[in-house]
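J.: Got a predicted model here, sequence first, then my questions.
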Amino acid sequence: MQPDLAGWNVLLVEDDPFFAHSLAALLRACGAGVDLCASSRQAAELLALKRYRLAILDHVLRGGDRGFAVAQRLAAMGEGERTLRVAYTGMTPADLEREIPADLIPYQLVVQKTPDHHELIEALFHMQQSLPAEPSGFVHEPVSLLVVDDDPTGARLAQLLLPDVRVFYAANGYEAFAFLEQSHVPLHAMLVDLRMPQGGTNVIAVLRQLRPLVHLVAWSAIGPVAGELPEGVSFLVKPVDDTAATRAALRSVLGLHADPGPAWSTKPQPVAVAPVQTRPWAVAILAATRDQLIALQQYVRRAGGRAAVSALSDAVLHSHLEAGSVDLVLCSADCIEAGVMLRRRFAAHVVVAGDGNPLSPGEVLPTVALNDPGALTRYVVNLVVP
(Lines give C-alpha, C1' and ligand atoms only; values in the text may rest on other atoms or scores of the structure.)
Protein backbone atom coordinates (compact mmCIF):
# COMPACT_ATOMS: atom_id res chain seq x y z
CA MET A 1 0.00 0.00 0.00
CA GLN A 2 1.47 3.31 -1.08
CA PRO A 3 0.22 6.79 -0.25
CA ASP A 4 -0.75 9.13 -3.06
CA LEU A 5 1.58 12.07 -2.52
CA ALA A 6 1.06 13.75 -5.89
CA GLY A 7 1.63 17.46 -5.48
CA TRP A 8 3.02 17.16 -1.95
CA ASN A 9 6.16 19.04 -0.97
CA VAL A 10 8.17 16.88 1.42
CA LEU A 11 11.08 18.01 3.58
CA LEU A 12 13.41 15.12 4.41
CA VAL A 13 16.01 15.84 7.10
CA GLU A 14 18.45 12.92 7.15
CA ASP A 15 22.24 12.90 7.46
CA ASP A 16 22.77 9.32 6.24
CA PRO A 17 23.10 9.50 2.41
CA PHE A 18 21.93 5.89 1.95
CA PHE A 19 18.69 6.42 3.85
CA ALA A 20 18.20 9.90 2.37
CA HIS A 21 18.51 8.90 -1.30
CA SER A 22 16.66 5.58 -1.06
CA LEU A 23 13.75 7.11 0.86
CA ALA A 24 13.62 10.15 -1.43
CA ALA A 25 13.33 7.81 -4.44
CA LEU A 26 10.37 6.01 -2.83
CA LEU A 27 8.61 9.26 -1.95
CA ARG A 28 9.09 10.57 -5.48
CA ALA A 29 7.66 7.33 -6.83
CA CYS A 30 4.58 8.14 -4.74
CA GLY A 31 4.33 11.51 -6.53
CA ALA A 32 6.01 13.81 -3.99
CA GLY A 33 8.53 16.54 -4.58
CA VAL A 34 11.33 16.00 -2.07
CA ASP A 35 13.91 18.44 -0.69
CA LEU A 36 16.84 16.87 1.15
CA CYS A 37 18.99 18.39 3.87
CA ALA A 38 21.28 17.02 6.56
CA SER A 39 20.90 19.42 9.51
CA SER A 40 18.38 21.57 11.35
CA ARG A 41 20.23 24.68 10.12
CA GLN A 42 19.81 23.68 6.47
CA ALA A 43 16.17 22.83 7.17
CA ALA A 44 15.60 26.30 8.65
CA GLU A 45 16.94 27.87 5.43
CA LEU A 46 14.50 25.80 3.36
CA LEU A 47 11.57 26.58 5.67
CA ALA A 48 12.21 30.29 5.18
CA LEU A 49 11.66 29.82 1.45
CA LYS A 50 9.01 27.16 1.08
CA ARG A 51 6.02 25.47 2.71
CA TYR A 52 5.84 21.73 3.15
CA ARG A 53 2.94 19.32 3.56
CA LEU A 54 5.12 16.64 5.19
CA ALA A 55 8.36 16.76 7.17
CA ILE A 56 10.21 13.48 7.76
CA LEU A 57 12.85 14.09 10.39
CA ASP A 58 15.72 11.96 11.60
CA HIS A 59 15.53 12.62 15.32
CA VAL A 60 19.26 12.08 16.01
CA LEU A 61 21.58 13.96 13.64
CA ARG A 62 25.34 14.42 13.71
CA GLY A 63 27.05 16.71 16.18
CA GLY A 64 24.25 16.59 18.75
CA ASP A 65 21.79 18.10 16.26
CA ARG A 66 18.15 16.95 16.48
CA GLY A 67 15.22 16.73 14.10
CA PHE A 68 13.29 17.84 17.18
CA ALA A 69 14.55 21.38 16.49
CA VAL A 70 12.95 21.37 13.03
CA ALA A 71 9.60 20.20 14.43
CA GLN A 72 9.77 22.93 17.07
CA ARG A 73 10.51 25.52 14.40
CA LEU A 74 7.48 24.39 12.39
CA ALA A 75 5.31 24.82 15.46
CA ALA A 76 6.78 28.26 16.17
CA MET A 77 6.07 29.31 12.57
CA GLY A 78 2.43 28.32 12.96
CA GLU A 79 2.95 25.47 10.51
CA GLY A 80 2.11 22.73 13.02
CA GLU A 81 -1.33 22.04 11.55
CA ARG A 82 -0.24 22.59 7.96
CA THR A 83 2.84 20.36 7.98
CA LEU A 84 2.68 16.74 9.10
CA ARG A 85 5.71 15.89 11.25
CA VAL A 86 7.10 12.36 11.24
CA ALA A 87 10.12 11.20 13.24
CA TYR A 88 12.03 8.53 11.34
CA THR A 89 14.63 7.28 13.75
CA GLY A 90 16.58 4.34 15.05
CA MET A 91 15.07 5.03 18.48
CA THR A 92 11.97 3.24 19.70
CA PRO A 93 8.95 5.34 20.73
CA ALA A 94 9.76 4.37 24.34
CA ASP A 95 13.35 5.62 23.95
CA LEU A 96 12.02 8.86 22.50
CA GLU A 97 9.64 9.37 25.41
CA ARG A 98 12.49 8.88 27.86
CA GLU A 99 14.40 11.68 26.10
CA ILE A 100 11.45 14.05 25.60
CA PRO A 101 8.46 14.43 27.94
CA ALA A 102 5.37 12.92 26.29
CA ASP A 103 3.49 16.20 26.29
CA LEU A 104 6.37 17.93 24.48
CA ILE A 105 6.96 15.41 21.69
CA PRO A 106 6.40 17.50 18.53
CA TYR A 107 5.93 14.55 16.16
CA GLN A 108 2.56 13.26 15.01
CA LEU A 109 4.07 9.91 14.10
CA VAL A 110 7.22 8.04 15.18
CA VAL A 111 8.51 5.27 12.91
CA GLN A 112 11.62 3.18 13.41
CA LYS A 113 14.05 3.04 10.51
CA THR A 114 14.21 -0.01 8.28
CA PRO A 115 16.47 -0.46 5.23
CA ASP A 116 13.52 -0.87 2.82
CA HIS A 117 11.40 1.92 4.44
CA HIS A 118 8.38 -0.38 4.18
CA GLU A 119 7.01 0.50 7.62
CA LEU A 120 7.27 4.24 6.97
CA ILE A 121 5.55 4.04 3.58
CA GLU A 122 2.72 1.96 5.07
CA ALA A 123 2.40 4.34 8.02
CA LEU A 124 2.16 7.31 5.63
CA PHE A 125 -0.57 5.51 3.72
CA HIS A 126 -2.68 5.03 6.87
CA MET A 127 -1.96 8.56 8.02
CA GLN A 128 -3.15 9.94 4.71
CA GLN A 129 -6.42 7.99 4.91
CA SER A 130 -7.29 9.73 8.17
CA LEU A 131 -6.37 13.25 7.08
CA PRO A 132 -9.00 15.98 6.75
CA ALA A 133 -9.14 18.02 3.58
CA GLU A 134 -5.92 19.77 2.70
CA PRO A 135 -5.51 23.06 4.59
CA SER A 136 -6.95 26.04 2.78
CA GLY A 137 -4.45 28.27 1.07
CA PHE A 138 -1.90 25.49 0.71
CA VAL A 139 0.23 26.13 -2.36
CA HIS A 140 2.06 23.41 -4.25
CA GLU A 141 5.40 24.63 -5.52
CA PRO A 142 7.21 23.13 -8.50
CA VAL A 143 10.34 21.10 -7.94
CA SER A 144 13.54 22.75 -9.11
CA LEU A 145 16.29 21.44 -11.38
CA LEU A 146 19.73 22.94 -12.06
CA VAL A 147 21.10 22.24 -15.56
CA VAL A 148 24.84 22.82 -15.99
CA ASP A 149 25.67 22.78 -19.69
CA ASP A 150 27.79 24.97 -21.96
CA ASP A 151 25.07 24.61 -24.61
CA PRO A 152 21.85 26.42 -23.52
CA THR A 153 19.89 24.14 -25.85
CA GLY A 154 20.18 21.47 -23.17
CA ALA A 155 18.41 23.63 -20.58
CA ARG A 156 15.70 24.64 -23.06
CA LEU A 157 15.12 21.00 -23.95
CA ALA A 158 14.94 20.03 -20.28
CA GLN A 159 12.32 22.72 -19.67
CA LEU A 160 10.35 21.60 -22.72
CA LEU A 161 10.40 18.01 -21.51
CA LEU A 162 9.60 18.98 -17.89
CA PRO A 163 6.94 21.71 -18.08
CA ASP A 164 6.01 21.28 -14.40
CA VAL A 165 9.61 21.72 -13.18
CA ARG A 166 11.38 25.02 -12.50
CA VAL A 167 14.65 24.80 -14.45
CA PHE A 168 17.69 26.90 -13.55
CA TYR A 169 20.53 27.10 -16.05
CA ALA A 170 24.27 27.61 -15.51
CA ALA A 171 26.59 27.82 -18.52
CA ASN A 172 29.61 26.45 -16.68
CA GLY A 173 30.79 25.09 -13.37
CA TYR A 174 31.73 28.50 -11.97
CA GLU A 175 28.21 29.86 -12.46
CA ALA A 176 26.79 26.70 -10.87
CA PHE A 177 29.15 26.89 -7.88
CA ALA A 178 28.35 30.57 -7.28
CA PHE A 179 24.61 29.89 -7.59
CA LEU A 180 24.78 27.17 -4.95
CA GLU A 181 26.91 29.30 -2.63
CA GLN A 182 24.68 32.37 -2.91
CA SER A 183 21.22 30.86 -3.34
CA HIS A 184 19.13 28.70 -1.05
CA VAL A 185 16.73 27.44 -3.73
CA PRO A 186 15.75 23.86 -2.80
CA LEU A 187 16.93 21.66 -5.67
CA HIS A 188 15.43 18.31 -6.58
CA ALA A 189 18.31 17.33 -8.87
CA MET A 190 21.26 18.65 -10.87
CA LEU A 191 21.76 17.68 -14.51
CA VAL A 192 25.35 18.09 -15.75
CA ASP A 193 26.78 17.86 -19.26
CA LEU A 194 29.47 15.20 -18.95
CA ARG A 195 31.43 16.51 -21.97
CA MET A 196 31.51 20.24 -21.25
CA PRO A 197 34.91 21.89 -21.86
CA GLN A 198 35.51 22.41 -18.15
CA GLY A 199 35.20 18.67 -17.57
CA GLY A 200 31.87 17.29 -16.42
CA THR A 201 33.37 14.89 -13.89
CA ASN A 202 35.32 17.75 -12.24
CA VAL A 203 32.15 19.84 -11.99
CA ILE A 204 30.19 16.88 -10.60
CA ALA A 205 32.82 16.33 -7.89
CA VAL A 206 32.49 19.93 -6.67
CA LEU A 207 28.68 19.98 -6.91
CA ARG A 208 28.58 16.86 -4.75
CA GLN A 209 30.67 18.67 -2.13
CA LEU A 210 28.38 21.70 -2.19
CA ARG A 211 25.09 19.73 -2.19
CA PRO A 212 25.90 16.17 -1.03
CA LEU A 213 22.25 15.09 -0.77
CA VAL A 214 20.97 16.42 -4.11
CA HIS A 215 20.50 13.82 -6.84
CA LEU A 216 23.15 14.17 -9.59
CA VAL A 217 22.60 13.07 -13.19
CA ALA A 218 25.18 13.30 -15.97
CA TRP A 219 24.08 13.46 -19.58
CA SER A 220 25.84 13.59 -22.94
CA ALA A 221 25.60 12.18 -26.44
CA ILE A 222 28.48 9.81 -25.63
CA GLY A 223 28.26 7.63 -22.56
CA PRO A 224 30.83 7.44 -19.75
CA VAL A 225 33.73 5.01 -19.80
CA ALA A 226 33.98 2.42 -17.03
CA GLY A 227 34.67 4.07 -13.68
CA GLU A 228 34.29 7.63 -15.01
CA LEU A 229 31.22 8.53 -12.96
CA PRO A 230 31.32 8.65 -9.15
CA GLU A 231 29.17 6.15 -7.30
CA GLY A 232 25.55 7.25 -7.04
CA VAL A 233 25.60 9.50 -10.14
CA SER A 234 23.09 8.47 -12.80
CA PHE A 235 23.62 8.79 -16.55
CA LEU A 236 21.24 9.64 -19.39
CA VAL A 237 21.97 9.87 -23.10
CA LYS A 238 21.23 13.49 -24.01
CA PRO A 239 17.82 13.52 -25.72
CA VAL A 240 17.30 15.07 -29.13
CA ASP A 241 13.49 15.18 -29.29
CA ASP A 242 10.44 15.75 -27.11
CA THR A 243 8.63 12.45 -27.57
CA ALA A 244 6.66 10.84 -24.76
CA ALA A 245 9.33 8.15 -24.44
CA THR A 246 12.06 10.78 -24.03
CA ARG A 247 10.03 12.64 -21.39
CA ALA A 248 9.42 9.40 -19.51
CA ALA A 249 13.12 8.48 -19.57
CA LEU A 250 14.19 11.89 -18.26
CA ARG A 251 11.55 11.91 -15.52
CA SER A 252 12.53 8.40 -14.48
CA VAL A 253 16.27 9.09 -14.14
CA LEU A 254 15.54 12.29 -12.21
CA GLY A 255 13.19 10.44 -9.87
CA LEU A 256 10.13 12.52 -10.82
CA HIS A 257 6.59 11.21 -10.61
CA ALA A 258 4.43 10.38 -13.61
CA ASP A 259 4.41 12.67 -16.64
CA PRO A 260 1.65 15.28 -16.20
CA GLY A 261 1.20 15.35 -19.96
CA PRO A 262 1.96 18.08 -22.49
CA ALA A 263 1.63 21.59 -21.12
CA TRP A 264 3.10 23.56 -23.98
CA SER A 265 0.49 26.32 -23.76
CA THR A 266 2.50 28.08 -21.05
CA LYS A 267 5.88 27.49 -22.74
CA PRO A 268 7.98 28.03 -19.59
CA GLN A 269 11.58 29.12 -20.08
CA PRO A 270 14.65 28.10 -18.06
CA VAL A 271 15.78 30.63 -15.47
CA ALA A 272 19.40 31.57 -16.16
CA VAL A 273 21.36 31.96 -12.96
CA ALA A 274 23.02 35.33 -12.55
CA PRO A 275 26.35 35.15 -14.42
CA VAL A 276 29.36 35.57 -12.18
CA GLN A 277 32.28 37.71 -13.23
CA THR A 278 34.98 35.09 -13.32
CA ARG A 279 37.90 34.46 -15.63
CA PRO A 280 39.41 31.01 -16.17
CA TRP A 281 41.58 30.69 -13.09
CA ALA A 282 45.22 31.39 -13.78
CA VAL A 283 48.03 29.20 -12.51
CA ALA A 284 51.73 29.89 -12.23
CA ILE A 285 53.66 26.64 -12.71
CA LEU A 286 57.04 26.00 -11.14
CA ALA A 287 58.97 22.81 -11.90
CA ALA A 288 62.50 21.46 -11.92
CA THR A 289 62.49 20.07 -15.48
CA ARG A 290 60.82 20.82 -18.79
CA ASP A 291 59.08 17.44 -18.77
CA GLN A 292 57.55 18.32 -15.40
CA LEU A 293 56.43 21.69 -16.78
CA ILE A 294 54.64 20.00 -19.70
CA ALA A 295 52.99 17.47 -17.39
CA LEU A 296 51.74 20.20 -15.04
CA GLN A 297 50.48 22.35 -17.93
CA GLN A 298 48.41 19.42 -19.19
CA TYR A 299 47.12 18.78 -15.67
CA VAL A 300 45.99 22.41 -15.28
CA ARG A 301 44.15 22.30 -18.62
CA ARG A 302 42.36 19.07 -17.66
CA ALA A 303 41.31 20.70 -14.39
CA GLY A 304 39.74 23.64 -16.27
CA GLY A 305 42.41 26.24 -15.51
CA ARG A 306 44.88 28.30 -17.53
CA ALA A 307 48.65 28.07 -17.26
CA ALA A 308 49.45 31.80 -17.17
CA VAL A 309 53.19 31.38 -16.73
CA SER A 310 55.52 28.38 -16.49
CA ALA A 311 59.05 28.57 -15.18
CA LEU A 312 62.04 26.58 -14.01
CA SER A 313 63.00 29.37 -11.59
CA ASP A 314 60.82 30.97 -8.91
CA ALA A 315 62.28 34.40 -9.73
CA VAL A 316 60.34 34.40 -13.02
CA LEU A 317 57.08 34.26 -11.05
CA HIS A 318 57.76 37.26 -8.81
CA SER A 319 56.32 39.92 -11.13
CA HIS A 320 53.14 37.91 -11.73
CA LEU A 321 52.58 37.40 -8.00
CA GLU A 322 53.26 41.07 -7.27
CA ALA A 323 50.70 42.06 -9.93
CA GLY A 324 48.14 39.57 -8.63
CA SER A 325 47.66 38.13 -12.12
CA VAL A 326 47.61 34.49 -10.99
CA ASP A 327 45.30 32.72 -8.57
CA LEU A 328 47.75 30.14 -7.31
CA VAL A 329 51.15 28.53 -7.80
CA LEU A 330 51.37 24.85 -8.72
CA CYS A 331 54.83 23.42 -8.12
CA SER A 332 56.39 20.02 -8.58
CA ALA A 333 57.50 18.01 -5.55
CA ASP A 334 61.12 18.98 -6.32
CA CYS A 335 60.29 22.66 -5.79
CA ILE A 336 58.60 22.56 -2.39
CA GLU A 337 61.19 24.79 -0.73
CA ALA A 338 60.81 27.46 -3.42
CA GLY A 339 57.04 27.17 -3.10
CA VAL A 340 57.20 27.80 0.63
CA MET A 341 59.32 30.91 0.04
CA LEU A 342 56.78 32.23 -2.49
CA ARG A 343 53.99 31.69 0.01
CA ARG A 344 55.91 33.52 2.73
CA ARG A 345 56.95 36.45 0.54
CA PHE A 346 53.78 37.00 -1.50
CA ALA A 347 51.10 35.35 0.68
CA ALA A 348 50.46 33.22 -2.39
CA HIS A 349 48.31 30.11 -2.59
CA VAL A 350 50.80 27.33 -3.32
CA VAL A 351 49.84 23.73 -4.16
CA VAL A 352 52.22 20.82 -4.67
CA ALA A 353 51.65 18.23 -7.40
CA GLY A 354 52.77 15.14 -5.52
CA ASP A 355 53.84 14.72 -1.90
CA GLY A 356 54.17 17.82 0.28
CA ASN A 357 56.55 17.29 3.20
CA PRO A 358 56.84 19.60 6.19
CA LEU A 359 59.94 21.79 6.03
CA SER A 360 59.31 23.39 9.42
CA PRO A 361 56.34 23.60 11.82
CA GLY A 362 53.30 25.03 10.01
CA GLU A 363 54.87 24.80 6.56
CA VAL A 364 52.96 21.84 5.12
CA LEU A 365 51.70 22.71 1.63
CA PRO A 366 48.43 21.31 0.25
CA THR A 367 48.92 18.58 -2.34
CA VAL A 368 47.01 17.29 -5.35
CA ALA A 369 47.42 14.04 -7.26
CA LEU A 370 48.28 14.28 -10.97
CA ASN A 371 45.80 11.49 -11.76
CA ASP A 372 42.94 13.54 -10.26
CA PRO A 373 42.41 16.91 -12.02
CA GLY A 374 39.24 17.34 -9.99
CA ALA A 375 41.38 17.75 -6.86
CA LEU A 376 42.81 21.02 -8.19
CA THR A 377 39.36 22.18 -9.32
CA ARG A 378 37.95 21.55 -5.84
CA TYR A 379 40.81 23.48 -4.24
CA VAL A 380 40.32 26.45 -6.56
CA VAL A 381 36.57 26.71 -5.97
CA ASN A 382 37.15 28.23 -2.53
CA LEU A 383 39.49 30.81 -4.06
CA VAL A 384 37.44 31.83 -7.12
CA VAL A 385 33.79 31.64 -6.09
CA PRO A 386 32.84 34.93 -4.41
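T.: The structure has been received and is ready for your questions.
J.: The helix or strand harbouring Val70: which residues count as buried?
T.: Using DSSP states H and E, Val70 sits within helix 67-76. For helix 67-76, the buried set under the neighbour-count rule, 16 or more other C-beta atoms under 10 Å, comprises 67-74. Just so you know, the C-beta spots here come from the backbone N, C-alpha and C atoms, and that holds for glycine as well.
J.: before we move on, what about stretch 303-317?
T.: Applying 16+ other C-beta under 10 Å to stretch 303-317 flags 303-305, 307-311, 314, 317 as buried.
J.: Identify the farthest-apart pair in the residues you listed.
T.: Farthest pair in these (C-beta to C-beta) is Gly304 and Asp314. Separation: 24.9 Å.
J.: Helix, strand or coil: sort out the residue of the chain positioned farthest from its centre for me.
T.: In the chain, the greatest distance from the average C-alpha position (C-alpha atoms, centre = their mean) is reached by Ala315, at 40.7 Å. The local conformation at Ala315, judged by DSSP: H, G, I helix; E, B strand; the rest coil, is helix.
J.: Okay, now the unreliable bits of the stretch 251-386 of the chain?
T.: For the stretch 251-386 of the chain, the stretches flagged by pLDDT under 70 are 255-280, 304, 355-363, 374, 378, 380-386.
J.: please redo it, this time with the cut-off set to 50
T.: Scanning the stretch 251-386 of the chain for pLDDT under 50 picks out the ranges 262-267, 274-279, 356, 358-361, 384-386.
J.: re the thing from before, quick one: contacts of the helix holding Val70?
T.: Here helix 67-76 makes contact (C-beta atoms under 8 Å, 6 or more residues apart in numbering) with 11, 13, 40, 43-44, 47, 55, 57-61, 80, 83, 85, 87, 89, 100, 106-107.
J.: outside of stretch 233-252, which residues touch it?
T.: 154, 157-158, 160-162, 193-194, 204, 208, 215-221, 223-224, 229, 253, 257-259.
J.: Going by neighbour count, list what's buried in it.
T.: So for stretch 233-252, counting by 16+ other C-beta under 10 Å, buried means 233-234, 236, 238-239, 246-247, 250-251.
J.: List phi and psi for Asn9.
T.: phi -90, psi 130 (degrees, to the nearest 10).
J.: residue contacts, it?
T.: 32-33, 35, 50-54, 140-141.
J.: Quick one, which of the contacts of helix 67-76 are buried?
T.: Buried, going by 16+ other C-beta under 10 Å: 11, 13, 40, 43, 47, 55, 57-61, 83, 85, 87, 89, 100, 106-107, out of the contacts of helix 67-76.
J.: Those in strands, which ones?
T.: 11, 13, 55, 57, 85, 87, 89 (DSSP state E).
J.: Nearest residue to the third one in space, please, no chain neighbours.
T.: It refers to Ala55. Leu11 (4.5 Å; C-beta to C-beta, 6 or more residues apart in numbering).
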